[in-house]
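Visitor: what's the 3D shape of this:
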Amino acid sequence: MGDEGLGMGDETRAHSSPMPNPSSPTKESPMQSPIHTQTELPSRERVLAICAHPDDIESWCGGTLALLVERGCEVRLAVCTAGEKGSADRGLTTMAVAATRISEQRAAAARLGITAVRFLDGRDGELEDTLNFRAQIVRLLREFQPAYVFTHDPERPYPPYIAHRDHRVVGRAVLDAAYPAARDHHYFPEQIAEGLPTHAVSQAWLFASLIATTAVDISSTLERKIVARLDHRSQTSDPDELRIAWRERAAAIGAPFGLSAAETFTVVQF
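Guide: Numbers count the residues shown, from 1 in each chain. This next block holds a predicted model:
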C-alpha cells in the first residue's frame, strides 16, 4: 500500500501493516488465510456495525464509520445490550442506566452520521453465543443486506486476557452468523419462510484486534469521533482528559503506518 491519505477518490485504500502477518499463507501452506491485507475502503456500500455496548463503536471505529458515511455508504448500528450495568452509582437502577445509555448512544451515532440504531434485547455482562442470539444477528444481516460488517475481534481481542466477555461473544456470534448462516437457506428457515432473502457478507472488519493489519487514516474525522464519545456523558469523568488521551492514542496507533491518527482492523474475507 502507498502512504497516501484517505481521500474521497475511487483509488482510496486502507493502509497495510509494515509488519508481516503471521496468519498469512506461505507458498508451502495448503491453507488459505481469511485475513485480507490489501483492503479497499468501501464507498457507496451498505455497512452494519454490531457491538456489545453503547460507546464500543465510538471507541474503536467511530472515525472510520464517519469516513464511510462521507463516502456515500449507508451505515447502520446494532447494539446487543443497553449497557445497563455500566454505572458505579448505587442509587441508579439498571433500567435508569439503560435509558440513559440508549439516549447517549443515539446522540453519539448521529454525530457520526448514523441515524439507524437498533438495540437488541441482550443483558449486559450476560451475553451467550446461543442459537437464538445467532438467529437475531442473521435476521439483521438478511434484513439490511450489508456488504461489510464491523464487529469485535473474538479470537485475538485487545486487551488480551481481559477483553470484556460480551465483546468476545458478540464477535464470535457475528462471524458465525455472517458465514455461513445468513448465506445458506437451511439456516433459520423460518426467516426464509417469512420472505427474508439469504445474504452473503463480503468482509468483516474486526476492531480491538491484537493482529490488526489494516489501518485507516482518521485524521479528518478524529475530532468528530471524540465529540461522539463525549456524548456518552455517563461514562465520562473528565472530558478534557479524554480528549487528550484519545488524540494521543490515535497518534500512537497511526505511527507504525506513517499516519497522524488511525484506527486499525483485522479484515476477514468471506
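Visitor: Report the contact partners of residue 135.
Guide: For residue 135, the contacting residues are 188, 191, by C-beta atoms under 8 Å, 6 or more residues apart in numbering. Quick note: C-beta positions are derived from backbone N, CA and C, even for glycine.
Visitor: How about the one 5 residues further on?
Guide: Applying C-beta under 8 Å, 6+ apart, one finds that residue 140 lies in contact with 48, 50, 78, 118, 177.
Visitor: Kindly recompute the last result at 7 Å.
Guide: By C-beta atoms under 7 Å, 6 or more residues apart in numbering, residue 140 lies in contact with 48, 78.
Visitor: same question, residue 209
Guide: So residue 209 contacts 153, 156-158, 265-266 (C-beta under 7 Å, 6+ apart).
Visitor: go with 8 Å
Guide: By C-beta under 8 Å, 6+ apart, the neighbours of residue 209 are 153, 156-158, 264-266.
Visitor: And the buried ones among these, selectable in ChimeraX?
Guide: Buried subset of those, written as a ChimeraX selection, criterion 16 or more other C-beta atoms under 10 Å:
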select :153,157,158,264,265,266
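Visitor: Kindly reformat the contacts of residue 209 as CSV containing secondary structure.
Guide: Compiled in CSV, the contacts of residue 209 are given as follows (DSSP: H, G, I helix; E, B strand; the rest coil):
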residue, secondary structure
153, coil
156, coil
157, strand
158, coil
264, strand
265, strand
266, strand
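Visitor: how about the closest residue to residue 64 other than its chain neighbours, secondary structure?
Guide: With sequence-adjacent residues excluded and distances taken as C-beta to C-beta, 6 or more residues apart in numbering, residue 64 is closest to residue 216, at 4.6 Å. Secondary structure, three-state DSSP: residue 216 is strand.
Visitor: my guess is residue 216 meets residue 261, correct?
Guide: No: look at residue 216 against residue 261 with C-beta atoms under 8 Å: they stay out of range, at 9.6 Å.
Visitor: and for the two, which residues touch both?
Guide: Common neighbours of residue 216 and residue 261 (C-beta under 8 Å, 6+ apart) are residue 63.
Visitor: Done for today, thanks.
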